[in-house]
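In: Whatever this is, show me its structure:
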Amino acid sequence: MSELFDEVDEEVRREQFKKLWDKYSIYFIALMVLIVAAVGGWRAYQYLEAKKAAEAGAAFEQAVTLSEQGKHAEAETAFTELAAKAPSGYRTLARLRAAAEAASRDPKAAAKMYDDLAADRGVGGEWQDLARIRAAGLLVDSASYADMQQRLEASATPKSTFRHTAREMLALSAWRNNDMTATRKWLDAIAEDGETPPGLRSRAEALAALLPPVAKS
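Out: The predicted structure follows:
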């Protein structure tokens, strides 16, 4: 008798499953199609992104080769084109290199290119800091100390990645603009930082030796 009941229960379950399948099978099939399409789309996206990165890498290397061959105008054009269409990582590198190539023909134009990069929050803080340092390096011999302060003071703080270079340029700018108090300030910051590179420390000590007596105390 129990076997008969089991057979009846099994038949009822099959009938219920069939009704559910007839009612919802179209949704299940549609879901499976969507999953397959999504996976396929993601794979296609990954492939295209990898292809773009590979193409950008090859174009970047070609531009570097042009630069190494002394073809700076061609290299600048190549880097500028790459900066307009490459994936984000290569785009930032290309903008930096384009500005570096421009520096040999027009330092002020190159500084403006670096300034534009420094103002772009989309590239990230350290890239922005590097662009500020590069721009300041092109202008340190001509800009006022106030201008250099505005450009570099934030990069000269104790935790900044490029603080050593920023402090040295601020000291040099203050010296060039005859602001001995500011020169002393930045030389002291260099001397008191235990992580100051030895070469920079030596240059700072040489500049400190040139200060007038009143600025040495």
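
In: hey, let's count contacts and neighbours off CA atoms from now on
Out: OK.

In: wait, W175 sits on T183?
Out: Yes - the pair W175 / T183 is scored as a contact, 5.6 Å apart, by C-alpha atoms under 8 Å.

In: So between those two, which is more surrounded?
Out: T183 (27 against 20; other C-alpha atoms under 10 Å).

In: what pLDDT does the more buried one get?
Out: Here the pLDDT value assigned to T183 is 95.

In: Give me the nearest residue to it, chain neighbours excluded.
Out: Of all residues not flanking T183 in the chain, A171 sits nearest, at 4.6 Å (C-alpha to C-alpha, 6 or more residues apart in numbering).

In: Check which helices and strands the helix or strand hosting the one you found sits against.
Out: Following DSSP states H and E, the helix or strand that holds A171 is helix 163-176. Other elements packing on helix 163-176 under the criterion 3 or more C-alpha pairs under 8 Å, 6 or more residues apart in numbering; DSSP states H and E are helix 125-139, helix 145-152, helix 180-192, helix 198-209.

In: If we use 7 Å, what do you get?
Out: When contacts are defined as 3 or more C-alpha pairs under 7 Å, 6 or more residues apart in numbering; DSSP states H and E, helix 163-176 sits against helix 145-152, helix 180-192.

In: Export those helices as TSV, with columns for distance to E101.
Out: Conversion of these to TSV gives the following (distance: least, C-alpha to C-alpha, whole Å):
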stretch	distance to E101
helix 145-152	21
helix 180-192	30
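
In: Compare the ones you listed and give me the one nearest P158.
Out: Shortest distance between P158 and the helices and strands packed on helix 163-176, using C-alpha to C-alpha, is found for helix 180-192: 9.0 Å.

In: show me what contacts the closest residue to S173 other than its chain neighbours?
Out: Nearest residue to S173, sequence neighbours excluded (C-alpha to C-alpha, 6+ apart): Y145, at 5.5 Å. By C-alpha atoms under 7 Å, 6 or more residues apart in numbering, the contact set of Y145 is 173-174, 177.

In: Perfect, I'm done here.
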